[in-house]
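Engineer: sequence isn't available, so here's the structure alone:
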């Protein structure tokens, strides 16, 4: 009987472990957001986080968006040619970039670049006991390290998503105008006429959610890292994995909430 029930015990332990992890992350997120809203505010840390998350991420976001928009235009043109529907390329590229590909790809790039950086930085500070030093100096680590990064991500990632949407649409425009024989002005007019305000709003809202997830996962894994170089490595790897999975899951839920019939 005990052998037969052993799989149920494993499943139970796995479920309890997962629920415990969800609870710890939720409490950490609530604590971080509460510190974002309450003084004191550390302007220098906030400005540094804005530069790290926003300005320094522009090259990778721009390159990712422009190649994705160009590839998307080629794929839609090739698929539409089977049904004599090549004229819908501008509309579908705009819709695909603004609603889905723009926010998701920017979120994943931020997870790869920023989440890993935040986790490694904070985990190293923990290993070298700099976080303990902050506490000794009566400085709350959540207020000094976590809140500025989360606030910066909530503000700047939607801007990156907007830039990525525009560059992605431009990539589709460049490919179709340069190689597929589309009229450049007609392409842009069809794009502007087809997109609605709600499409742009949902894209920016997704960027805000994905930025918050990316920053929170980097801070959470950094603050809870193990000791030594291995602890830093595990925290960095775990933060990127968790951020990427949560971003994709959040995208599914938000898409269902925004565009369900």
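Structural biologist: Perfect, I can see it now. Because the structure is a prediction, the values reported are computed rather than measured.
Engineer: point out where the stretch 1-150 of the chain drops to low pLDDT.
Structural biologist: 1-5 (pLDDT under 70).
Engineer: who touches stretch 157-164?
Structural biologist: Counting by CB atoms under 8 Å, 6 or more residues apart in numbering, stretch 157-164 makes contact with 53-54, 57-58, 61-62, 64-65, 97, 102-103, 105-107, 110, 200, 203-208, 210-212, 214, all of which sit outside it. Every C-beta, even on glycine, is put in place using the N, C-alpha and C of the backbone.
Engineer: which stretches in this structure count as strands?
Structural biologist: Taking DSSP state E as the criterion, the chain contains no strands.
Engineer: spatially central residue in it, please.
Structural biologist: residue 107 (2.4 Å; CA atoms, centre = their mean).
Engineer: that residue: what's its closest spatial neighbour, skipping adjacent residues?
Structural biologist: Nearest residue to residue 107, sequence neighbours excluded (CB to CB, 6 or more residues apart in numbering): residue 210, at 3.2 Å.
Engineer: and what of residue 104?
Structural biologist: Per CB to CB, 6+ apart, closest to residue 104 is residue 251, 5.4 Å.
Engineer: do you know how far the one you found is from residue 219?
Structural biologist: 21 Å (CB to CB, to the nearest Å).
Engineer: between the two, who's got more neighbours?
Structural biologist: A count of neighbours by other CB atoms under 10 Å puts residue 219 above the other of residue 251 and residue 219, at 27 against 18.
Engineer: that one: what's it in contact with?
Structural biologist: So residue 219 contacts 28, 32, 118, 119, 122, 145, 146, 149, 150 (CB under 8 Å, 6+ apart).
Engineer: residues near the second one, how many?
Structural biologist: I take that to be residue 32. The number of residues near residue 32, taken as other CB under 10 Å, comes to 23.
Engineer: ok, the first one next?
Structural biologist: The local packing count at residue 28 equals 18, with neighbours defined by other CB under 10 Å.
Engineer: begin at 122 from now on, thanks
Structural biologist: Happy to do that; since the first residue is 122 now, the last one works out to residue 149.
Engineer: with adjacent residues omitted, what lies nearest to it?
Structural biologist: The nearest residue in space to residue 149 (CB to CB, 6+ apart) is residue 341, at 5.0 Å.
Engineer: just to revisit the earlier point, the contacts of residue 340 in helices, which ones?
Structural biologist: 149, 153, 239, 240, 243, 270, 271 (DSSP state H).
Engineer: now the third one. Nearest residue, chain neighbours left out?
Structural biologist: Okay, so that is residue 239. residue 339 (3.1 Å).
Engineer: spit out the contact partners of the residue nearest to residue 225.
Structural biologist: 221, 224, 225, 228, 327, 331.
Engineer: want to try CSV for those residues, with distance to residue 206 as columns?
Structural biologist: Formatted as CSV, these follow (distance: CB to CB, whole Å):
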residue, distance to residue 206
221, 20
224, 26
225, 25
228, 30
327, 28
331, 32
